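Visitor: here are the coordinates; sequence isn't available:
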């Protein structure tokens, strides 16, 4: 349903006197953004979750491929947030089920707005980078480094495949996390080939 509207809007923007161009001129390259997660590439939580996220990634990839083949100037990509501090997460922490069901520290959690800022940054990129990214998945925290935006609290949470996230989350116990300062852990990112090679530690 959205694609015909986006194509029509793009055509209107190419007319200098059109009202559409005045209203939407900042979005130079139309984009469809899909919210996925690392579960599209790596085993996460359970089978159904991983299959669902993998389907989102495949949808973005194949839509971009068909748009390019049909010469439709619309970009498509999926976005990977990290650990997101949603309303549901907050409630889970308050009632004590977070520690039981998930058990991950939330020091490096992202807000939903962080993902929104990633989408805006890519969608308003006028240097053709968006066209190069079309059909791919993009990690929100890594886009923050590329485009220079921050979360609501002014922080830039690390990518889930960074040692800055992996070591405190899976490698350290609570006492060690308190002793090791954040600056001491390098922001080295594991290759996707390693990330996709099985489940994270229990």
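Guide: Sure, I can see it. Nothing here was measured: the structure is a model prediction, and the numbers come from that model.
Visitor: Quick check: next helix or strand after the helix or strand residue 117 falls within?
Guide: In this assignment (DSSP states H and E), residue 117 forms part of helix 112-123. Scanning forward in sequence from helix 112-123 by DSSP H and E, the next helix or strand is helix 129-133.
Visitor: who does the following helix or strand past that following helix pair up with?
Guide: Where DSSP H and E defines the elements, the next helix or strand beyond helix 129-133 is strand 137-139. Its sheet considered, strand 137-139 pairs with strand 75-80 (parallel) by DSSP bridges.
Visitor: List the contacts of the strand it pairs with.
Guide: For strand 75-80, the surrounding residues in contact (C-beta atoms under 8 Å, 6 or more residues apart in numbering) are 29-38, 40, 56-57, 59-60, 63-64, 67, 115, 118-119, 122, 130-131, 133-140, 143, 160. (Glycine included, C-beta is placed from N, CA and C.)
Visitor: List phi and psi for the closest residue in space to residue 2 that isn't next to it in sequence.
Guide: Spatial nearest neighbour of residue 2, chain neighbours left out: residue 32 (6.9 Å); criterion: C-beta to C-beta, 6 or more residues apart in numbering. Dihedral pair for residue 32: phi -110, psi 120, per degrees, to the nearest 10.
Visitor: Nearest residue to residue 59 in space, ignoring adjacent ones along the chain?
Guide: residue 34 (6.7 Å).
Visitor: go on, residue 66?
Guide: Per C-beta to C-beta, 6+ apart, closest to residue 66 is residue 72, 7.9 Å.
Visitor: The residue nearest to residue 59: what secondary structure?
Guide: The three-state assignment at residue 34 reads strand, by DSSP: H, G, I helix; E, B strand; the rest coil.
Visitor: Report the beta-bridge partners for it.
Guide: residue 78.
Visitor: So residue 64 is in contact with residue 132, correct?
Guide: No: in this structure residue 64 lies outside contact range of residue 132 using C-beta atoms under 8 Å: 11.0 Å.
Visitor: Type out the PyMOL command that picks the buried ones from the contacts of strand 75-80.
Guide: To isolate the buried members of the contacts of strand 75-80 in PyMOL, using 16 or more other C-beta atoms under 10 Å:
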select buried, resi 29+30+31+32+33+34+36+37+38+40+56+57+60+63+64+67+115+118+119+122+130+133+134+135+137+138+139+140+143+160
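Visitor: Just give me the neighbour total for residue 95.
Guide: For residue 95, the number of neighbouring residues by other C-beta atoms under 10 Å comes to 9.
Visitor: low pLDDT regions in the chain?
Guide: Applying pLDDT under 70 to the chain picks out residues 1, 7-27, 198-202.
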